[in-house]
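Asks: need coordinates for the below:
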Amino acid sequence: MNDQTADLRETVRREYAAAASAVTEGGTTCCGFEPVGVDENFGPALYAADDRAALPAEAVAASLGCGNPTAVADLNEGERVLDLGSGGGIDVLLSARRVGPTGKAYGLDMTEEMLALAVANAAKAGATNAEFLKGTIEAIPLPANTVDVVISNCVINLSTDKAAVFAETFRVLKPGGRIGVFDVVADDTLTPGQRAERGEYVGCIAGALTFAEYRQGLRAAGFTDVEITPAHPVADGMHSAIVRAVKPHTAPDTG
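Replies: The predicted structure follows:
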């Protein structure tokens, strides 16, 4: 990892540590914990009211994503799910409810403050089938062929090595496993410089891939049935998008 990459990762870590602290130390408003999302394109408002009401207020307030991946991942009873960049745990807790007591929901995050918040939220929710892991999404601390579904909510764009993220995601999925991700994706016409003009790296904008780059990256890792569907705009020529793909049943062992 070069100095620039390390600096970007540390900037991201500090930003999300501060967001977690804002929830845990910021207190409540009349209606619960104050959300830390930056605008209407990100955060708790992108979840159904019933989902929000069923979770600890702190988990909802800490949501910084650009969608609701549990609404597009088609989770089933008994499945094992991994959330990349799980933050305060909102998507892990929703997943844990959907897969039920015979399933398992893992959350992976590199930020101590977010992990502590997520563990506390899981305890409040009584989610005994949720487990949080410390690590990076470029080096997932799980064995190969471990999970049925990988989800993520506006986190992959923050990685400085997206090829590693795609490769690791492919590795930990069981053959036939799938991804259901929300992420920021740019129009194919936008150069890296133009993406940077529209927002900061830590704000989920400058580091976003284009639609073509995203498809190419997933296919290079071995995924098939790649679908990327725009959901709503987050900046000029940039979108919150639903990303789906499958690890083939005939995929070679990547362990």
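Asks: shaky segments in the stretch 51-200 of the chain?
Replies: Where the stretch 51-200 of the chain drops to pLDDT under 70, the residues are 51-64.
Asks: now do the strands in it.
Replies: Applying DSSP state E, counting those that start in this stretch to the stretch 51-200 of the chain gives strands spanning 80-84, 104-109, 130-134, 147-153, 173-186.
Asks: could you check how many residues crowd around Pro101?
Replies: Counted with other Cβ atoms under 10 Å, residues neighbouring Pro101 total 10. Where you see a C-beta, it was placed from the backbone N, CA and C, and this is true even at glycine.
Asks: right, and it touches Asn129 too?
Replies: Yes: contact criterion Cβ atoms under 8 Å: Pro101 and Asn129 qualify, at 5.9 Å.
Asks: where does Pro248 land in three-state SS?
Replies: When classified by DSSP: H, G, I helix; E, B strand; the rest coil, Pro248 comes out as coil.
Asks: quick check: bridge partners of the residue nearest to it when sequence neighbours are not counted?
Replies: Closest residue to Pro248 apart from its sequence neighbours, by Cβ to Cβ, 6 or more residues apart in numbering: Thr224 at 5.4 Å. Note on Thr224: beta-bridge partners by DSSP bridges are Val246.
Asks: so what's the closest residue in space to Gly85 that isn't next to it in sequence up against?
Replies: Of all residues not flanking Gly85 in the chain, Val155 sits nearest, at 3.0 Å (Cβ to Cβ, 6+ apart). Residues counted as contacts of Val155 (Cβ atoms under 8 Å, 6 or more residues apart in numbering) are 65, 84-85, 137, 183.
Asks: before we move on, what about Gly176?
Replies: Neighbours of Gly176 in contact, by Cβ under 8 Å, 6+ apart: 246-249.
Asks: looking at those, state which has the most neighbours.
Replies: Lys247 (26 neighbours).
Asks: surely that residue touches Lys174?
Replies: Yes: using Cβ under 8 Å, Lys247 makes contact with Lys174 at a distance of 7.3 Å.
Asks: got the end-to-end distance for stretch 230-239?
Replies: Counting by Cα to Cα, to the nearest Å, you get 6 Å between the two ends of stretch 230-239.
Asks: actually stretch 176-196, sorry about that
Replies: End-to-end distance of stretch 176-196: 36 Å, with Cα to Cα as the criterion.
Asks: next one: stretch 181-196
Replies: Taking Cα to Cα, the first and last residues of stretch 181-196 lie 22 Å apart.
Asks: returning to what we had before: now for the strands of the stretch 51-200 of the chain, which one comes closest to Leu93?
Replies: strand 130-134 (6.4 Å; Cβ to Cβ).
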